[in-house]
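[1] here is a sequence together with a model predicted from it:
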Amino acid sequence: MTTTTLAVLVPLLPFLGAAAGLLLGRRAPGFVRPLAVLPTFAAFVLAVVVAVDQGGGKAIDAATRLTPTGSVPIELALHLDGFAVLVAVLVGLVATCVQLYSTGYLRDDPRYTSYAALVSLFTSAMLLVVYSGDLMVLLVGWEVMGICSYFLVGHYWETPEARAASLKAFLVTKLGDVPFLIGLFALATDAGTFRITGVVQAALTGGIDHPTLIALLLLAGVAGKSAQFPLHTWLPDAMAGPTPVSALIHAATMVAAGIYFVARLLPVFAASAAAMTVLAVMAAITMVGSGLAALAQDDIKRVLAYSTIGQLGYLSGALAVGDRGAAVFHLLSHGAFKALLFLAAGVVIHAAGTNSLTAMSRMGGLAKRIPDAYWTMTVALLALAAIPPFAGFFSKEAVLSAAEHTALGESQVAPSGAGWTVLVAGLLTALLTAAYATRLWLLAFRGRGAAAPDHGRQPFVMNAVLWVLAIPSIGFGLTTGYLGDWFDGRALTPAVTTAVLSTGVALVGGLVTYAAWRHTSALAAGTPMGAVAAHPEGDGGLVEEEAIASHTQVYGSIASAPDPADPGRLLLGPLHRHAATGFHLDAVYHALFVRPVLAAAGLVRFLDREVVETYVRGASAAPRWLGWAVRRAQNGNVQSYLSALLAGSLVLAAAVVVLANVTAGS
């Protein structure tokens, strides 16, 4: 079979698995798990074969016209370059791990059939985005992922949090998709084609007439899909869905789609210095803001969610300085260790026997009970903190090195100001990343919160998946010398200056956080009220007796208190309460958008009820009263009918006489 035929099968197999799972799930439940795992695994294997065949060499293109449009043609096209084939391998690997993991994590879930089918469809849509060579076909996968995320985030629809999170994710991403769609049509109009190769060629030759406007419209959709400031607020709330879904969304699908789209069309954005500057500023705010927010979260999944937002900020920063190789390299590295982080967090939650015990301050006694999750999560956190020789060090270093080259004026693609913005924000974020990664590890595995009940050993498949993902989290960065052909020929080897700076600030962040944890632990051990004072839901204005009573009412006893040794509170100080709420951005959106929409809806409802319905009721009342009068006259009495006839005749006669007299007198 040819490479293009194999590439067609890669997104097709998960789609067929999803369709078969939905059709046969109820009739033959024994086929649900094989139909979930095997097509996805087969797609992963084929993606590896396609990557080997492509070999990082010249891009492979194939296309066939779908239907005549009368204007800009739409084609079913494939574009297989080094970036596409490697990202497809990542998607296949993570999706296979998620499907395998879910067979244990959701083995007793009554809606597992629909869940597995949606995960397969989600995977198929992302693979379509990765391999597509036509913007309209890419848009199909883009939108299918949006609807799949709506259903998967809302999987636990019985809970109001899941319902609200799924709706928020759908609406916020759609808010960005509207200008994104307009930008796609404007881009195709200027370039004269939807083919990605044709669009890129037009951008390189100056054939795009409105580069700044088009780039900004497209960035709105990218910000929504990839959770970049200011459209990132849906991602932390999406943690209400099942943990494997979080791993899939954060590591290989949905949020990766926007970054990958910009990497594919980077010459379009590079044609506008203003757009590159906007992208750099957006990336810088996203990185720093999410790092501060992650340091203030108590929910382990929300920490990881803000971590994803920050790492996506690194990817946007790499693209803002014109280095798509560094961006895709960090995308691949981050996909491996972030999937591991979420799935390990799922083991922690599964060990507690509930989906709600995610507060790190309430965790205790977990390191010895779940050693697989403990060791693999430690590996993933080291990769996240960019500690050498783990994968995150090499990929994050590639981003910072690219930013340094641009800042020094060595790039012809992006302005030097964008380079300085990304470099400074990237180093500050490296400090924050190491800080919240260390805090997560300390609170989750060395904390003194209430020990969760022991629900036995986790299914073997869940722990096995963790060790599979630990391999690329440890060693993927060491492959930079062998994968240069896939990354535009660049080796992506670390540079001394940025490597020393990034590692240094990461070590400082980790050590300072550890010192703060030791300090708060000592304070908590020395005062019985330390736990109450540090309780995130407590009221600092309560007197001691009231605090003890309130605390006991919530937790039952002081022994079951949350761990008071939270270094995040000490490190952030007065900024903590603002960072814990995501700097009140949801409140700003509520004031700017939700409240006016609700007020307008109330006005429309008033006008409909008091004005429109009044006219409708009036229009119906007149015939009703006339009908009542006629009905009252029809009483069935012949004498009444004759009397009325006689009276009417007399009235008519009198009227005729009066009219004749008036006429004669005039």
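    Here it is on my side, so go on.

[2] and residue 110, how far from residue 238?
    Separation of residue 110 from residue 238 (CB to CB, to the nearest Å) stands at 22 Å. For every residue, glycine as well, the C-beta is placed using N, CA and C.

[3] what about these two, which has more around it?
    residue 238 (27 against 8; other CB atoms under 10 Å).

[4] the more buried one against residue 249, yeah?
    Yes - using CB atoms under 8 Å, residue 238 makes contact with residue 249 at a distance of 6.7 Å.

[5] okay, and the common contacts of these two?
    Residues touching both residue 238 and residue 249 (CB atoms under 8 Å, 6 or more residues apart in numbering): 149, 153.

[6] export whichever strand or helix holds residue 313 as PDB, just CAs?
    Per DSSP states H and E: residue 313 is located in helix 300-320. The C-alpha coordinates for helix 300-320 follow below in PDB (Å, rounded to 0.1, in the frame of the first residue of the first chain):
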ATOM      1  CA  ILE A 300      -4.700  18.800  41.500                       C
ATOM      2  CA  LYS A 301      -6.400  18.700  38.100                       C
ATOM      3  CA  ARG A 302      -6.800  22.500  38.000                       C
ATOM      4  CA  VAL A 303      -3.100  22.800  38.700                       C
ATOM      5  CA  LEU A 304      -2.400  20.600  35.700                       C
ATOM      6  CA  ALA A 305      -5.000  22.500  33.700                       C
ATOM      7  CA  TYR A 306      -3.300  25.900  34.300                       C
ATOM      8  CA  SER A 307       0.000  24.100  33.600                       C
ATOM      9  CA  THR A 308      -1.300  23.100  30.200                       C
ATOM     10  CA  ILE A 309      -2.300  26.700  29.500                       C
ATOM     11  CA  GLY A 310       1.200  27.900  30.400                       C
ATOM     12  CA  GLN A 311       3.000  25.200  28.300                       C
ATOM     13  CA  LEU A 312       0.700  26.200  25.400                       C
ATOM     14  CA  GLY A 313       1.900  29.700  26.000                       C
ATOM     15  CA  TYR A 314       5.500  28.400  25.400                       C
ATOM     16  CA  LEU A 315       4.300  27.000  22.100                       C
ATOM     17  CA  SER A 316       2.700  30.200  21.100                       C
ATOM     18  CA  GLY A 317       5.900  32.000  22.100                       C
ATOM     19  CA  ALA A 318       8.000  29.800  19.900                       C
ATOM     20  CA  LEU A 319       5.700  30.500  16.900                       C
ATOM     21  CA  ALA A 320       5.700  34.300  17.800                       C
END
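
[7] helix or strand right after it?
    For helix 300-320, the following helix or strand on the C-terminal side (DSSP H and E) is helix 324-352.

[8] tell me where the model's unsure across the stretch 251-400 of the chain.
    For the stretch 251-400 of the chain, applying pLDDT under 70 flags the ranges 352-357, 364-365.

[9] helix or strand right after the helix-or-strand element of the chain with minimal mean pLDDT?
    Ranked by mean pLDDT, DSSP states H and E, the weakest helix or strand in the chain is helix 544-555, scoring a mean of 35. Beyond helix 544-555 on the C-terminal side, the first helix or strand identified by DSSP H and E is helix 567-572.

[10] what's that next one packed up against?
    Judged by 3 or more CB pairs under 8 Å, 6 or more residues apart in numbering; DSSP states H and E, helix 567-572 is in contact with helix 273-296, helix 416-445, helix 496-526, helix 576-580.

[11] report the buried residues of the last one.
    What that stands for is helix 576-580. The neighbour-count check on helix 576-580 (16 or more other CB atoms under 10 Å) flags 576, 579, 580 as buried.

[12] so how far is that helix off the chain centroid?
    Its chain's average C-alpha position is 21 Å from that of helix 576-580, according to CA atoms, centre = their mean, to the nearest Å.

[13] which strands and helices sit next to that helix?
    helix 273-296, helix 567-572.

[14] equivalent analysis for the second one, please.
    For helix 416-445, the elements it packs on are helix 273-296, helix 300-320, helix 371-384, helix 391-407, helix 496-526, helix 567-572, judged by 3+ CB pairs under 8 Å, 6+ apart.

[15] what bits of this structure have low per-residue confidence?
    352-357, 364-365, 448-456, 525-564, 632-633, 635, 666.

[16] show me the residue sitting in the middle of it in space.
    The centre of the chain sits closest to residue 235, judged by CA atoms, centre = their mean, with a distance of 4.4 Å.

[17] shouldn't it be within a helix?
    Yes - counting by DSSP: H, G, I helix; E, B strand; the rest coil, residue 235 falls inside a helix.

[18] chain neighbours aside, what residue packs nearest to residue 25?
    residue 113 (3.5 Å; CB to CB, 6 or more residues apart in numbering).

[19] look up how far residue 32 lies from the one you found.
    On the measure of CB to CB, residue 113 and residue 32 end up 5 Å apart.

[20] same check, this time on residue 291
    Separation of residue 291 from residue 32 (CB to CB) stands at 40 Å.

[21] between those two, who's got more neighbours?
    residue 291 (26 against 22).

[22] quick one on the thing from earlier: quick one, what contacts the residue nearest to the centre of the chain?
    Taking CB under 8 Å, 6+ apart, one finds 169, 227, 250, 255, 305, 308, 309 in contact with residue 235.

[23] residue contacts, the nearest residue to it once chain neighbours are set aside?
    Once flanking residues are discounted, residue 235 sits nearest to residue 227: 4.1 Å by CB to CB, 6+ apart. Residues near residue 227 by CB under 8 Å, 6+ apart: 234, 235, 255, 308, 309, 312.

[24] and residue 227, which of the three is it?
    Per three-state DSSP, residue 227 ends up coil.

[25] pretty sure residue 267 sits against residue 207.
    No - between residue 267 and residue 207 there is no contact under CB under 8 Å: 10.7 Å.

[26] so between these two, which is more surrounded?
    Set residue 267 next to residue 207 and count neighbours by other CB under 10 Å: residue 267 wins out with 19 against 15.

[27] and that one, what element?
    helix 266-270.

[28] can you name every helix or strand that that helix contacts?
    Looks like helix 266-270 contacts helix 196-204, helix 211-225, helix 273-296 (3+ CB pairs under 8 Å, 6+ apart).

[29] quick one: contacts for the residue nearest to residue 406 when sequence neighbours are not counted?
    Leaving aside its chain neighbours, residue 406 sits nearest to residue 419 (2.9 Å; criterion: CB to CB, 6+ apart). Listed by CB under 8 Å, 6+ apart, the contact set of residue 419 reads 280, 321, 403, 404, 405, 406, 407, 408, 411.
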